[in-house]
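*Asks:* Need coordinates for the below:
(one chain, ligands or ions: 1)
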Amino acid sequence: MRKQFVAGNWKMNKTVHEAYDLAIELITGLRAVRETEVALCPPFVALTAVKSAIANTMIRLGAQNMHDQDRGAFTGEISPVMLAGLADYVILGHSERRQHFGESDAFINRKVLAALRHGLRPILCIGETLEQNERGETEAVLAQQLHAALTGVAAEDATNVVIAYEPVWAIGTGRAATADDAQQRCAFVRAQLRDLFGALAEEMRIQYGGSVTPANAPEILRQPDVDGALVGGASLKADDFIAIVRAAKGNL
Ligand code: PGA
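*Replies:* You can find the predicted model right below:
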């Protein structure tokens, strides 16, 4: 049985103090949760503060991005060496990075390999745009992004990778995929993972992301191939994020 995994992507929100306070609020609300893995992904500058807030809890820490090089002349970037030992997870290939910062599949692949080399677990985001969806290209896009980003990942690392299926048209729009669609796409992703990693695909976690709310989470998280959620907007409100985590399998 895969343990469901709910991660909060705080994006470019919360000062260090606000991040610490939100983490403290979440700890209280999530204390009784045992059946779900939870990670908080604050901005880089708040990682240390949130790490101290969640010390001695089951909550994990994630970064939102990372460069692939260990060090060097990359002004403004954060390296895997800097995150190793600080964060457990790192979100890679988020559509906002692909869209606004021109990140290519090849760059994302190098980041995935660098993260694994340094003991960080990638949350690899893939997803189709509205146009691709309307042209019926969703599966082709997912397969292409997945295979490109996972090139060279060794079988022994496979279960350290989490996939987040995030249709771009659902992110921040209030228009989530239906639970049926989320299930179908996540099952397709798992079939691709089976091609890459064989039976290990059954142990790998696939999250759905895109306008997850307390209202739609129960149905989405009930789907057999949906192993959790990557939550943006709703992760900034303690009550909403707690309700989403509680909706995961085994907690109700
Ligand atoms: P959203 O964002 O929940 O605000 O749609 C999800 C994400 O970008 O990971």
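
*Asks:* Contact residues of the stretch 51-200 of the chain facing the ligand?
*Replies:* With the criterion set to Cβ under 6 Å from any ligand atom, the stretch 51-200 of the chain comes near the ligand through 166, 171, 172. For glycine as for every other residue, the C-beta is placed from the backbone atoms N, C-alpha and C.

*Asks:* Contacts only, for the residue lying closest to the second one once chain neighbours are set aside.
*Replies:* What it means is residue 171. Leaving aside its chain neighbours, residue 171 sits nearest to residue 210 (4.9 Å; criterion: Cβ to Cβ, 6 or more residues apart in numbering). Residue 210 makes contacts with 127, 166, 167, 168, 169, 170, 171, 173, 176, 177, as judged by Cβ atoms under 8 Å, 6 or more residues apart in numbering.

*Asks:* In ChimeraX, select just the buried ones from those.
*Replies:* Typed into ChimeraX, the line below selects the buried ones among the contacts of residue 210, using 16 or more other Cβ atoms under 10 Å:
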select :127,166,167,168,169,170,171,176,177
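
*Asks:* which SS class is the residue nearest in space to the middle of the chain?
*Replies:* The centre of the chain sits closest to residue 123, judged by Cα atoms, centre = their mean, with a distance of 4.2 Å. Of the three states, residue 123 takes strand under DSSP: H, G, I helix; E, B strand; the rest coil.

*Asks:* got it, and residue 73?
*Replies:* Residue 73 ends up coil, using three-state DSSP.

*Asks:* can you count the residues close to it?
*Replies:* 6 (other Cβ atoms under 10 Å).

*Asks:* Mind pulling the model confidence for whichever residue of the chain sits closest to the ligand?
*Replies:* Going by Cβ to the nearest ligand atom, the ligand is nearest to residue 232 of the chain, at 2.2 Å. Model confidence at residue 232, given as pLDDT, is 98.

*Asks:* Could you tell me whether residue 39 really is in a strand?
*Replies:* Yes: assessed with three-state DSSP, residue 39 lies in a strand.

*Asks:* Stretch 152-170: which residues count as buried?
*Replies:* Of the residues in stretch 152-170, those buried (16+ other Cβ under 10 Å) are 153, 157-159, 161-170.

*Asks:* quick one: terminal-to-terminal distance for it?
*Replies:* 30 Å (Cα to Cα, to the nearest Å).

*Asks:* now that stretch, how far from the chain's geometric center?
*Replies:* Centre-to-centre, stretch 152-170 and its host chain are 9 Å apart (Cα atoms, centre = their mean, to the nearest Å).

*Asks:* Kindly reformat the contacts of residue 210 as JSON lines and extend each row with secondary structure and pLDDT.
*Replies:* Listed next are the contacts of residue 210 as JSON lines, based on DSSP: H, G, I helix; E, B strand; the rest coil; pLDDT from 0 to 100:
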{"residue": "127", "secondary structure": "coil", "pLDDT": "98"}
{"residue": "166", "secondary structure": "coil", "pLDDT": "98"}
{"residue": "167", "secondary structure": "coil", "pLDDT": "98"}
{"residue": "168", "secondary structure": "helix", "pLDDT": "98"}
{"residue": "169", "secondary structure": "helix", "pLDDT": "98"}
{"residue": "170", "secondary structure": "helix", "pLDDT": "98"}
{"residue": "171", "secondary structure": "coil", "pLDDT": "97"}
{"residue": "173", "secondary structure": "coil", "pLDDT": "97"}
{"residue": "176", "secondary structure": "coil", "pLDDT": "98"}
{"residue": "177", "secondary structure": "coil", "pLDDT": "97"}
